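J.: Give the three-dimensional model of this entry:
(one chain, ligands or ions: 1)
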Amino acid sequence: MMKLYSGTACPFSHRCRIVLFEKGMDFEIIDVDIHSKPEDLAVMNPYNEVPVLVERDLTLYESGIINEYIDERFPHPQLMPADPVMRARTRLMLFNFERELFIHVKTLEDGSSTKKALEAARVAIRDSLTQIAPVFAKQKYMLGEEFSMLDVAIAPLLWRFDHYGIEVTKAMAPLMKYAERLFSREAFIESLTANEKAMRK
Ligand SMILES: N[C@@H](CCC(=O)N[C@@H](CS)C(=O)NCC(=O)O)C(=O)O
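T.: Purely as a prediction, here's the structure:
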């Protein structure tokens, strides 16, 4: 059985929990308090971070790598596109998310960030998401009609808007509707920890 070491408020761990629940197979989630990490976390992940996935003799870290493994191991419902061109485009977009958005999420999650750095991170996220918001006036999910790994990757950030203090601009209205679509999925609701439930009213 797969075991996921997961931070109870960690947006990267949240991505992996969403995929596990979307697949609907048996797994175990081990809650990790990132302020008092178990000693063996550094043995499993040299970067000493959650999430970590363990299955028999396989140990993986990095939410994107973990999620692609789960998707290939349990192909239904498939979250990466089947077509090689679309799959490559999806990987490129996932990479862009990390560079444009999640680099700032890291700043917001880092307890030692200065006030100035926190504000700059909030503004950068707000501006990037304002730019992509109009897409959701025309389509249901990131890739069109089908829920995919791109939606998984971004959902934990959208859930944390209030928690991070990110301003919602008027132009973001279609994005917020899209966010509600993601939040109403059964697997998303199941994926939430008590800490995450407390992030939104
Ligand atoms: N790029 C990593 C980021 C993981 C990460 O930043 N995890 C944070 C918690 S949200 C962590 O474990 N930090 C360790 C610490 O703060 O000591 C991924 O996608 O999995």
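
J.: contacting residues around Met80?
T.: Glu68, Asp71, Glu72, Arg87, Thr90, Ser148, Met149 (C-beta atoms under 8 Å, 6 or more residues apart in numbering). Every residue, glycine included, has its C-beta placed from N, CA and C.

J.: mind putting those in TSV, neighbour count included?
T.: As requested, the contacts of Met80 are exported to TSV (neighbours: other C-beta atoms under 10 Å):
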residue	neighbour count
Glu68	19
Asp71	20
Glu72	11
Arg87	14
Thr90	20
Ser148	21
Met149	26
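
J.: for those residues, which one is nearest Leu53?
T.: Glu68 (11.0 Å; C-beta to C-beta).

J.: Please determine how far that closest one is located from Ile166.
T.: Using C-beta to C-beta, to the nearest Å, one gets 28 Å for the distance from Glu68 to Ile166.

J.: repeat for Ala194
T.: Applying C-beta to C-beta to Ala194 and Ile166 gives a distance of 22 Å.

J.: When the two are compared, which one has more neighbours?
T.: Ile166 (21 against 9; other C-beta atoms under 10 Å).

J.: Of the contacts of Met80, which belong to helices?
T.: Mapping these onto helices (DSSP state H) picks out Glu68, Asp71, Glu72, Arg87, Thr90, Met149.

J.: Relative to Lys138, which of the residues you listed is nearest.
T.: Thr90 (18.5 Å).

J.: wouldn't the closest one be in contact with Val152 here?
T.: No - here Thr90 does not reach Val152: they are 11.0 Å apart, not a contact under C-beta atoms under 8 Å.

J.: Can you lay out the contacts of Met80 as TSV showing pLDDT and distance to the ligand?
T.: Shown next, in TSV, are the contacts of Met80 (pLDDT from 0 to 100; distance: C-beta to the nearest ligand atom, whole Å):
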residue	pLDDT	distance to the ligand
Glu68	98	12
Asp71	98	15
Glu72	97	18
Arg87	98	19
Thr90	98	16
Ser148	98	17
Met149	98	13
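
J.: May I ask which helix or strand encompasses Leu53?
T.: strand 52-55 (DSSP states H and E).

J.: quick one: contacts of the helix or strand where Leu4 lies?
T.: Using DSSP H and E, Leu4 sits in strand 2-7. Outside strand 2-7, the residues that touch it by C-beta under 8 Å, 6+ apart are 13-14, 16-17, 20, 25-34, 38, 41, 44, 50-55, 66, 70, 193.

J.: and the residues you listed, which are buried?
T.: Neighbour counting by 16 or more other C-beta atoms under 10 Å classes 13-14, 16-17, 20, 27, 29, 32, 34, 41, 44, 50-54, 66, 70, 193 among those as buried.
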